[in-house]
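Q: Everything below, folded, please.
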Amino acid sequence: MPYLKFKTTGGEEVEVGGNKLEQFATAFEKAGNIMVPNYALAYVKSFFERRDAHIKMQKAKQLGDESGAQAAAKILDAADEKEEDAKEAYEKAIESGGPDLEVDVVEKVTETVAAVKIEPEVEEKPALTKIQIKKMKPAELKEALKEAGLSIQGSKGDLLARLLEANGF
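A: Numbers count the residues shown, from 1 in each chain. Take a look at the predicted model:
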């Protein structure tokens, strides 16, 4: 599960984690003290888009689909830029103490991005089985977690649990 850092209204830095945008939104709502939460959610959304693009590129490479990997790499480059821009906008909003993004603005940006999103044609590699994951050594677990954009910190048991969860087990 990825953890990202955010500023609270008290000026403290906190880590919030989740596997989906909705989990971050729920955590922000529960906390009630995340500065400019709509900017923060726009940043989280761009983080997940970049992570998804990275996973697609890795899958294409694993399948030996060079053209699919190149197409995915272009999408990844654009997603990297978008994530950097979103993080910078979030940080500037915190520094300026300015107002948060309006929810309808966030929704319009999201709809526009979704409308122009180009997916590379990449054949899906079969997901890892529970048995394959359990047989992995720590280095292999870390590599698979890194490809999925997840944390590689912790014991073998932690890594195993994280990868199993990410693969729906």
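
Q: how near is Leu159 to Glu95?
A: For Leu159, the distance to Glu95 (C-beta to C-beta, to the nearest Å) stands at 36 Å. All C-beta spots, glycine's among them, are computed from the backbone N, C-alpha and C.

Q: One more: Leu160?
A: According to C-beta to C-beta, Leu160 stands 41 Å off from Glu95.

Q: just for this protein, where's the confidence low?
A: Residues of the chain meeting the criterion pLDDT under 70: 103-126.

Q: go with 50
A: Along the chain, segments meeting pLDDT under 50 span 113, 116-123.

Q: can you give me the strands in it?
A: For the chain, applying DSSP state E gives strands covering 3-7, 13-17.

Q: The last one pairs with which strands, and in what direction?
A: Pointing back at strand 13-17 there. Counting by DSSP bridges, the strands paired with strand 13-17 are strand 3-7 (antiparallel).

Q: hang on, Lys7 packs against Met35?
A: Yes. Look at Lys7 against Met35 with C-beta atoms under 8 Å: they come within range, at 4.7 Å.

Q: can you list residues touching both of those two?
A: Both Lys7 and Met35 are contacted by Ile94, under the criterion C-beta atoms under 8 Å, 6 or more residues apart in numbering.

Q: just to revisit the earlier point, mind putting the strands of the chain in CSV, distance to Ala31 and mean neighbour count included?
A: Converted to CSV, the strands of the chain look like this (distance: least, C-beta to C-beta, whole Å; neighbours: other C-beta atoms under 10 Å):
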stretch, distance to Ala31, mean neighbour count
strand 3-7, 9, 16
strand 13-17, 7, 13
